[in-house]
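**Q** Sequence and computational prediction follow.
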Number of protein chains: 2
Amino acid sequence: MDPAIICPRFEKAMSLMSQRWTGLVIYQLLTGPKRFCTLESSMGISGRVLSERLKDLENQGIVKRDVYPETPVRIEYSLTDKGAALQPIMKEIETWSQTWLEPEPNQ
Amino acid sequence: MDPAIICPRFEKAMSLMSQRWTGLVIYQLLTGPKRFCTLESSMGISGRVLSERLKDLENQGIVKRDVYPETPVRIEYSLTDKGAALQPIMKEIETWSQTWLEPEPNQ
DNA sequence: ATAATTACTTACTATAAGTAACTAACTTTT
DNA sequence: AAAAGTTAGTTACTTATAGTAAGTAATTAT
């Protein structure tokens, strides 16, 4: 008894987007490459989880990691084509949020 | 030091979509009203969490709960206008998944 | 009277995320 | 030369979230 079979590709995409922080990391990278410490401080994510997420996203071919052997070393994270193709999703989330959510949620 | 300030409305929408199962629940409801047991069995969600999610979504005005005092009682969950407006997001996730994910993920 | 159905809730366990201190490689300051 | 600072993490531990399985309430069927 399976009333509605869900496309496994859609389900996989949804479980990606449903991971805590993943969407925000991608959103930040849409404006260009970012360093670890920049991502860490711009959203409220902990280093432990950011490290985990970036590794996952790299393994999925969504994020690219570039090492610049400067001093101190600079490591930049950026979106691959696969990652950049997530932009329309972010755009729609933005549109929805501006239409349906109030500007001042607290107080 | 706040290198990138994120719009609080966008952040709220993103944290909604980042909740495990929330996206799939909404996706299922896009095809019409559904009962608790139907949602429970069509995705792999546990009753405990489904109950929690539906309550949250109802409180946020995304889902509507209708009681039909038949026998046994029928309770249907459906999307409000605010909930139905999430469809473009789902559409974009679907498009992305079909372009960038492989049909057979395992093996 | 007993069993079945739906829509949950409750108690308990397992997994994921947060916190804070630590490491490695290198450089600047003292 | 030793101590402190920087970036990019990792590790050990705590807290929060999700999964599991059994229980409840209302009603009908057997």
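**A** On my side now, so go ahead.

**Q** residues contacting the residue most central in space within chain A?
**A** The central residue of chain A, meaning the one whose C-alpha is nearest the mean C-alpha position (Cα atoms, centre = their mean), is A:I26 at 2.6 Å. Taking Cβ atoms under 8 Å, 6 or more residues apart in numbering or on different chains as the contact definition, A:I26 lies against A:57, A:62-63, A:79, A:83, A:86, A:90. (Each C-beta comes from the backbone N, C-alpha and C, glycine too.)

**Q** State the three-state secondary structure for it.
**A** Under DSSP: H, G, I helix; E, B strand; the rest coil, A:I26 falls in the helix class.

**Q** Tell me the confidence at it?
**A** The predicted structure scores A:I26 at 98 on the pLDDT scale.

**Q** Name the nearest residue to the residue in chain A that DNA strand C sits nearest to, sequence neighbours excluded.
**A** The minimum distance from chain A to DNA strand C, using Cβ to the nearest atom of the strand, falls at A:S46 (3.2 Å). Leaving aside its sequence neighbours, A:S46 sits nearest to A:E40 (Cβ to Cβ, 6 or more residues apart in numbering or on different chains; 7.8 Å).

**Q** thought that neighbour was touching A:L50?
**A** Yes. At 5.5 Å, A:E40 and A:L50 qualify as touching, with contact defined as Cβ atoms under 8 Å.

**Q** A:G83 is in what secondary structure piece?
**A** For A:G83, the element it lies in under DSSP states H and E is helix A:81-84.

**Q** just checking, what packs against the next helix or strand after that helix?
**A** Of the helices and strands lying after helix A:81-84 in sequence (DSSP H and E), the nearest is helix A:87-100. With contacts defined as 3 or more Cβ pairs under 8 Å, 6 or more residues apart in numbering or on different chains; DSSP states H and E, the packing partners of helix A:87-100 are helix A:22-29, helix B:8-17, helix B:87-100.

**Q** again, 10 Å this time
**A** The criterion is 3 or more Cβ pairs under 10 Å, 6 or more residues apart in numbering or on different chains; DSSP states H and E, and the helices and strands that helix A:87-100 contacts are helix A:8-17, helix A:22-29, helix B:8-17, helix B:81-84, helix B:87-100.

**Q** Could you tell me how many residues sit around A:R74?
**A** If you count neighbours by other Cβ atoms under 10 Å in any protein chain shown, A:R74 ends up with 13.

**Q** before we move on, what about A:L101?
**A** Each residue near A:L101 was counted by other Cβ under 10 Å, and the total is 18.

**Q** quick one: the residue nearest to A:S46 from B:N59, how far?
**A** If you measure A:E40 against B:N59 using Cβ to Cβ, to the nearest Å, the figure is 32 Å.

**Q** swap in A:G47?
**A** Relative to B:N59, A:G47 is positioned 33 Å away (Cβ to Cβ).

**Q** How about A:A13?
**A** The separation that A:A13 has from B:N59, given Cβ to Cβ, amounts to 27 Å.

**Q** ok, those two, which is more surrounded?
**A** Neighbour tally, A:A13 and B:N59, criterion other Cβ under 10 Å: the higher count belongs to A:A13, 23 against 9.
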